[in-house]
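A.B. asks: Could you look at this predicted model? Sequence included:
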2 protein chains.
Amino acid sequence: MNSRSHQSSSTSLPPLPRTRIQIGLAGMGTVGGGVVKMLEKNAALIFDRSHADIRIHSVLVRDPLKARAGQISPAQFVKTPQELIENQEINLIIEAMGGHGDPAYSLVKDSLKAGKAVITANKALLAHHGLELARIAEANNVPLYYEASVAGGIPIIKLVREGLGGNRISKILGIMNGTSNYILSTMEQSGAGFAEVLQQAQDFGYAESDPTLDIGGGDAAHKLALLTALCFGCAPDCAQITCGGIEHVTPEDIAIAAEFKCRIKLVVQAERLHDGRILQMVVPTLVPYDLPLAHVGGVLNGIYLRGDFVGSSFIEGRGAGAGPTASAILSDILDYAMLRGGVQQDVQQNHTSAHAAPPTFAPIRPVFGVGASRLTTGQTTGGLEWYGRHYIRLRVMDRPGVIADIAPILRDHLVSIESLIQRGQSEDDPVSIIILTHAVKGKNIADAVHKLAQIPAILQSPMVMPILDADDEG
Amino acid sequence: MNSRSHQSSSTSLPPLPRTRIQIGLAGMGTVGGGVVKMLEKNAALIFDRSHADIRIHSVLVRDPLKARAGQISPAQFVKTPQELIENQEINLIIEAMGGHGDPAYSLVKDSLKAGKAVITANKALLAHHGLELARIAEANNVPLYYEASVAGGIPIIKLVREGLGGNRISKILGIMNGTSNYILSTMEQSGAGFAEVLQQAQDFGYAESDPTLDIGGGDAAHKLALLTALCFGCAPDCAQITCGGIEHVTPEDIAIAAEFKCRIKLVVQAERLHDGRILQMVVPTLVPYDLPLAHVGGVLNGIYLRGDFVGSSFIEGRGAGAGPTASAILSDILDYAMLRGGVQQDVQQNHTSAHAAPPTFAPIRPVFGVGASRLTTGQTTGGLEWYGRHYIRLRVMDRPGVIADIAPILRDHLVSIESLIQRGQSEDDPVSIIILTHAVKGKNIADAVHKLAQIPAILQSPMVMPILDADDEG
C-alpha cells in the first residue's frame, strides 16, 4: 500500500505535489483484507491513476494478537475506534465492520464530525442512519462514500449519481443478493427443495450460518433503500419496503414458472408512481426469460435502470466477496484522492485540531446525489401499490367445488384469471392450484388472498408473487 | 438551461457560492439539440446535483438563419470557432460537430490551449488525435471529457476510469455499433440478405446514406481505441486494429452459427497478451448464446470487461441517438461542475487572458486514466495474435476431391478441424463448405486461408470469423 517502489520509475512525471492519504481501516475480515491486498498488488496502477501516496496507517481489530497481519506491521493495530478518530495523521476512515449499530455507527458518525472522510461497505448502517449521516457529512464538508455497500462488482452508486446523473430515473429492477440468487438458481438446476439447497450453500460457504438477512430479503432491502434514495431523491427508508423472502418458494413454483417461460428471482423494485410516491419492494418474482434479469445466475447481481434520456440500461457483475468489494472501495479511494488533490492538500496543515472548522466549500457530491436537506421523506410506499400480473399458489384439499369457492372471491376483488392450473388429483392428499392473474394492483391481490385463506379447503398461506412484464425493460 | 425557476424553491440550501458554467456549444444537430433539451427539461434535477448555474452561452452553427433555435435566442448563434474560443465568458466547450479533421480538431485543440474545458462526443477525433489532445489538456490543466464518444447510453468511460479504476483490466469484449448490430439482428430474424436489410435500415434512418464507417467496423474501431487506452494505459492507436465489416456475412453464415448455438455479432475485442502487448480487433464474430453479448439485440450496445479484483462485469444500453448521447454529455457537465466548484471558482478571475498560465495543480483525472506522458506506444497488435476457435466458409465448385485439397493445407498450418459441413450438392452450382476449427492462433488461420484461396475450385475469398469461448465471460 505504499508506492515507493513505483516512484523510482516515474521520473518522467511532472513534479506534482503528492497527495498523502493515510487510512484508518476498521475491520480486517474479508473486506478489510481485500482492500489491503488490492492496494498492495495494484500499487503502481493506483499511483498512476491517483498521483497519491496511499497508506494504511492503522487497523482497528478486536484482538491484535489474533489479527492476520499480512502487509500490516503489528505496530499498526489499534483496539479502539478513538485511536482512529483522534489520530491527526489519519484523513480517511474505511469502515469494514458491518452492522447498523455500534461500533460501526459511532465510528462513522464521529469520524465525519472529526472532519475525516469515510468509506463504508455497510448497507445496513446507511439504510438505517443514512439521512443523519449524510447531514453530518455535508455539514462537516467531508465525503461519505459507499460504493461497496450495493453490489460490490457493479459501480452502481457512481453510475446513478454521476454517469446517469442528469437523468430522471423512473424505475429500478435488480437482483442484489447473491446468496438467495445462488439458492434459487441451484433449486432450478437440481430440482431440490429450499431447505436442502440452503444447507448445501451453508456447507460451501455461500450462505451464512444465520442466513436470515439474505434469504428473507432484508439485505436486498437495505441496498434498495440506498439506490432508491439516489435515484429518486428521497431519504433511505427501509421500513417502508415490502419485503418477502425466498423460503417459501418450492420446486413446483419454479417448474410452473418455467412453463410460462419465467424464472423466479428475488427481485428488488422501485419506481415512481403517477402520484409522485416511490414504490419499493423486495419479493420473489417471476421474471420472463426475455428480460436480462432472468439470466443473472448463481451469485451474480444484476441491475436494470430506466432514465428519461438514457433509456434502459442493464448491468451485471459479482455482488460480494473480497475482490469485488475491494474494487468498489478502491473506486472510492480514487475519488477521495482526486478531491484531496484539489481542496485539502494537507489535512494536517488545515486542521489544527480534529474539530477545526471545515472549509466552507468543496466540490463534494452530496451523499445521495442531492443535498441531505433536499431529500424528501414520507414519500415511499410498498408493494400494495404495485400494478401487474401476479402468480398465486394455493394448497387445497382436492374436493369438487373448491374452484367455485375461489372464483367469486377473485371476481369480487377485480382479479381476473389469465390461467388456472390444477396439478395432481387425489382425494386424500392436498394438491396445488396455481392462478396467473391479469394485471391488477397488489392491494386487490392482498385483499383477495386474505379472503381465500379463510376457505376451509385451503390449507396453507397462499404463495403470491408478482410477474414482471416482458417489456418492462424495453 | 438556466435554473432560475428552480432557485426560488431552494431557500433551505446553505448559502453556497454558485458555480457558473457558460457553455460554448459547437453544433446544433442531433447531439447538440439533445443537450439543449436535457438541460432545459431536467434543469431542477441538474441544479440539485451540481449547485451550478449552467447556461448555453453561444452556439456555433454553419448557418444561423437555418439553425433550429428552440430555447436558444438568435443572438446566441455564432459562425466561427474563434467566437467560442476567444470569448472570455465561456469556460466549457461542447464539441458536437463530428469528424476527425477540422473544424472539430482545431476547435478542441485551441479551446484546450485557451484553458477551456472541453466535452466531445467525437470518437474519430480522439481515436486519431487522442494522445496529442490529452497532452495539451494535461499541460494546460483543463479537463477533456468524452463519455458520449463511446456507447452514449453506457457510462463506460467513467466506469473504467473511476468505477473499476483500481483494477488491472485483462479483457474487453463489446458490441459498440448499433447500426451493424441492427442489421445483423434483422438479418437473423427475417432471413434476408445484407444488401436488402441495409437498404431497409437506411430507409428507417438507422443507417446513414454512406454507411461505410458503421458497417465496415471503422466506427467501432474508433471506440475500441479509446477503451483500450483507458483499460490498458496505451495511447489510442486505431491504425493497429484488425478491422473487418459485416458486409460479407450471409444468411447461411447466420443459420449455421445458430446450429452451433451462436449469433454473429460485430464484436470489438481487446486483451492483454502474455507478452504484454495489447491485441485489438473488430470483426464479425460467432458469440455463443451462453454469453450475455449474444443477447444484445437491435441497436443496443453491450460491453463486457474483466478486471483482476472485480471479476467479470457486463453492461448493456442504448449506444447512440439524441437522448443517450445527451445523457453522457450531462454526466461530463456534472463532473465539470464539481471540478469548477473546487479549483476554478471563477475562470474570469483567474485567467486574465485566454492564454494565462494555468494553475499548477488540480484534481483532474488524466484523460486516459493515467497521464498522457505515461501512456505506452507501439505496444498494440492485431487479430493475427488472437487465439481461439474459428469459423471458415469456403465457396467451392462441388467437385470430388476438394476436401482432399483443403485438409492438407489446414494440417500444414496446424489448424485442426472440429466440424466440417457441406451443404447442398450440385455439379453446376457452387456450394459452401463450413469448417469450425479447434483453438488456434489467427496467424495460422490467415496463412492457411491464403493458401486455400489459391485452390482453383475455391471461388471467392474465404469468410473467416473467430468464435468466442462460452466461458470467455465466466
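C.D. replies: Arrived safely, thanks for sending.
A.B. asks: Only the buried residues of the helix or strand residue A:408 falls within, if you could.
C.D. replies: Assigned by DSSP states H and E, residue A:408 belongs to helix A:402-412. Within helix A:402-412, the residues scored as buried using 16 or more other Cβ atoms under 10 Å in any protein chain shown are A:402, A:406, A:409, A:410. Backbone N, C-alpha and C define where each C-beta goes, glycine included.
A.B. asks: my read: residue A:333 touches residue A:143, true?
C.D. replies: No. Contact criterion Cβ atoms under 8 Å: residue A:333 and residue A:143 do not qualify, at 11.0 Å.
A.B. asks: between these two, who's got more neighbours?
C.D. replies: More neighbours surround residue A:333 than the other of residue A:333 and residue A:143, with 27 against 23 (other Cβ atoms under 10 Å in any protein chain shown).
A.B. asks: Name the nearest residue to that one, ignoring sequence neighbours.
C.D. replies: Among residues not flanking residue A:333 along the chain, residue A:54 sits closest, at 6.4 Å (Cβ to Cβ, 6 or more residues apart in numbering or on different chains).
A.B. asks: Enumerate the beta-bridge partners assigned to that neighbour.
C.D. replies: residue A:21 (DSSP bridges).
A.B. asks: Relative to chain B, how far out is it?
C.D. replies: 10 Å (Cβ to the nearest Cβ, to the nearest Å).
A.B. asks: ok, that residue - how many residues close by?
C.D. replies: Residues lying near residue A:54 (other Cβ under 10 Å) number 23.
A.B. asks: what about it, distance to residue B:163?
C.D. replies: Using Cβ to Cβ, to the nearest Å, one gets 18 Å for the distance from residue A:54 to residue B:163.
A.B. asks: Over to residue A:404?
C.D. replies: Noted for residue A:404: a distance of 57 Å to residue B:163, by Cβ to Cβ.
A.B. asks: Same question for residue A:241.
C.D. replies: 26 Å.
A.B. asks: repeat for residue A:208
C.D. replies: For residue A:208 relative to residue B:163 (Cβ to Cβ), the value is 27 Å.
A.B. asks: Likewise for residue A:114?
C.D. replies: 28 Å.
A.B. asks: same deal with residue A:47?
C.D. replies: 19 Å.
A.B. asks: The two - which one has more neighbours?
C.D. replies: residue B:163 (29 against 24).
A.B. asks: so what's residue A:144 up against?
C.D. replies: By Cβ atoms under 8 Å, 6 or more residues apart in numbering or on different chains, the contact set of residue A:144 is A:108, A:112, A:117, A:118, A:120, A:133, A:134, A:137, A:367.
A.B. asks: So which of the residues you listed are in strands?
C.D. replies: Using DSSP state E, the subset of the contacts of residue A:144 located in strands is A:117, A:118, A:120.
A.B. asks: Wait, the second one touches residue A:142, no?
C.D. replies: Yes. Under the criterion of Cβ under 8 Å, residue A:118 lies in contact with residue A:142, with a separation of 7.3 Å.
A.B. asks: who touches both of these two?
C.D. replies: With Cβ under 8 Å, 6+ apart as the test, residue A:118 and residue A:142 both reach residue A:112.
A.B. asks: Let me know the distance separating the most centrally placed residue in chain A from residue B:161.
C.D. replies: Per Cα atoms, centre = their mean, the C-alpha nearest to the average position across chain A is that of residue A:223, at 2.7 Å. The gap separating residue A:223 from residue B:161 is 24 Å, by Cβ to Cβ.
A.B. asks: List the contacts of residue A:435.
C.D. replies: Per Cβ under 8 Å, 6+ apart, neighbours of residue A:435: A:391, A:392, A:393, A:394, A:406, A:410, A:417, A:419, A:420, A:421.
A.B. asks: State the pLDDT value of it.
C.D. replies: Looking at residue A:435, its pLDDT stands at 95.
A.B. asks: For it, give the beta-bridge partners.
C.D. replies: residue A:392, residue A:420.
A.B. asks: repeat for residue A:387
C.D. replies: Beta-bridge partners recorded for residue A:387 (DSSP bridges): residue A:441.
A.B. asks: Hmm, it is touching residue A:438, no?
C.D. replies: No. Applying Cβ under 8 Å as the test, residue A:387 and residue A:438 come out as separate, 10.9 Å apart.
A.B. asks: Check the gap between residue A:322 and residue B:385 for me.
C.D. replies: Residue A:322 sits 32 Å away from residue B:385 when distances are taken as Cβ to Cβ.
A.B. asks: ugh, typo on my part, it should be residue A:158
C.D. replies: Distance of residue A:158 to residue B:385, given as Cβ to Cβ: 33 Å.
A.B. asks: Look at those two and report which has more neighbours.
C.D. replies: More crowded of residue A:158 and residue B:385, by other Cβ under 10 Å: residue A:158, with 25 against 19.
A.B. asks: how close does that one get to residue A:173?
C.D. replies: Counting by Cβ to Cβ, the gap from residue A:158 to residue A:173 is 19 Å.
A.B. asks: Next one: the residue in the stretch 201-350 of chain A that chain B sits nearest to, what pLDDT does it get?
C.D. replies: Closest contact between the stretch 201-350 of chain A and chain B, by Cβ to the nearest Cβ, is at residue A:330 (2.9 Å). pLDDT for residue A:330: 97.
A.B. asks: quick one: secondary structure of it?
C.D. replies: Three-state assignment for residue A:330 (DSSP: H, G, I helix; E, B strand; the rest coil): helix.
A.B. asks: Near chain B, which residues of the stretch 201-350 of chain A? Just list them.
C.D. replies: Residues of the stretch 201-350 of chain A lying close to chain B (Cβ under 8 Å from any Cβ of the partner chain) are A:233, A:292, A:295, A:307-318, A:323-324, A:326-327, A:330-331, A:333-335, A:337-343.
A.B. asks: if you look at those, which of them are in helices?
C.D. replies: Of these, the ones assigned to helices by DSSP state H are A:323-324, A:326-327, A:330-331, A:333-335, A:337-343.
A.B. asks: Just checking, which of those comes out lowest on pLDDT?
C.D. replies: Between those, the one the model trusts least by pLDDT is residue A:343, at 37.
A.B. asks: Return the set of buried residues in stretch A:255-271.
C.D. replies: For stretch A:255-271, burial by neighbour count (16+ other Cβ under 10 Å) applies to A:256-257, A:260, A:262-271.
A.B. asks: Now for those residues: which two are most distant?
C.D. replies: A:256 and A:270 (27.3 Å; Cβ to Cβ).
A.B. asks: residue ranges with poor pLDDT in chain A?
C.D. replies: Chain A contains residues with pLDDT under 70 at A:1-18, A:65-70, A:342-362, A:425-427, A:472-474.
A.B. asks: and with 80 instead?
C.D. replies: A:1-18, A:63-71, A:341-363, A:398-400, A:423-429, A:471-474 (pLDDT under 80).
A.B. asks: Need the max-distance pair from the buried residues of helix A:402-412.
C.D. replies: A:402 and A:410 (12.9 Å).
A.B. asks: OK, now which residue of the stretch 351-474 of chain A is nearest to chain B?
C.D. replies: Nearest to chain B in the stretch 351-474 of chain A, going by Cβ to the nearest Cβ, is residue A:363, at a distance of 3.6 Å.
A.B. asks: can I assume residue A:366 is in contact with residue A:372?
C.D. replies: Yes. Counting by Cβ under 8 Å, residue A:366 touches residue A:372, with 6.8 Å between them.
A.B. asks: Overlap in contacts, the two.
C.D. replies: Residues touching both residue A:366 and residue A:372 (Cβ under 8 Å, 6+ apart): A:134, A:138.
A.B. asks: show me where the stretch 51-200 of chain A has helices.
C.D. replies: For the stretch 51-200 of chain A, the helices defined by DSSP state H, counting those that start in this stretch cover A:81-85, A:104-113, A:123-139, A:156-158, A:178-190, A:194-204.
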